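K.L.:
this one's structure only:
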């Protein structure tokens, strides 16, 4: 698949870019180079290749899943008036209708 100069000018018009003739020719060449690269990548046989989450096959070091802080929710909630909290959450006035 290749793009023509008319295609580039149509796209430039759609995105409100002002492109002169030299720029349109340059963009056409650059976009065609990108499309050619995509075509080359599509031609590569990848059926036997397993997908990777990371290109370097590294193992991610994870920290131990342990609680490191005390639960001080009640202490923090004590500073709010009693009518402003319910079931462990703060109640705030509605600001969006």
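P.N.:
Yes, it's here. The structure displayed is predicted, hence computed values, not measured ones.
K.L.:
start to end distance for stretch 16-25?
P.N.:
Counting by CA to CA, to the nearest Å, you get 17 Å between the two ends of stretch 16-25.
K.L.:
just checking, next helix/strand downstream of the worst-scoring helix or strand of the chain on mean pLDDT?
P.N.:
The weakest-scoring helix or strand in the chain, judged by mean pLDDT, DSSP states H and E, is strand 85-86 (a mean of 64). Proceeding N to C from strand 85-86, the next assigned helix or strand is strand 89-90, under DSSP states H and E.
K.L.:
Please determine how far residue 97 is located from residue 90.
P.N.:
From residue 97 across to residue 90, the span is 20 Å (CB to CB, to the nearest Å). C-betas here are computed from N, CA, C, even on glycine.
K.L.:
These two: which is more packed in?
P.N.:
Ranked by neighbour count (other CB atoms under 10 Å), residue 97 and residue 90 place residue 90 first, with 10 against 3.
K.L.:
surely the more buried one meets residue 80?
P.N.:
Yes. Contact between residue 90 and residue 80 holds when scored by CB atoms under 8 Å: they sit 6.0 Å apart.
K.L.:
helices or strands next to the longest helix belonging to the chain in the packing?
P.N.:
Longest helix of the chain, by residue count under DSSP state H: helix 21-43. When contacts are defined as 3 or more CB pairs under 8 Å, 6 or more residues apart in numbering; DSSP states H and E, helix 21-43 packs onto helix 5-14.
K.L.:
Not counting its own residues, what contacts the helix it packs on?
P.N.:
For helix 5-14, the surrounding residues in contact (CB atoms under 8 Å, 6 or more residues apart in numbering) are 18, 19, 24, 25, 27, 28, 31.
K.L.:
For those, work out which two are farthest apart.
P.N.:
Spatial extent of these (CB to CB) is set by the pair 18 and 31 at 17.4 Å.
K.L.:
Among the two, which residue is more densely surrounded?
P.N.:
Shown here are residue 18 and residue 31; by other CB under 10 Å, residue 31 has more neighbours (15 against 7).
K.L.:
out of everything not next to it in sequence, what's closest to the more buried one?
P.N.:
Nearest residue to residue 31, sequence neighbours excluded (CB to CB, 6 or more residues apart in numbering): residue 3, at 5.3 Å.
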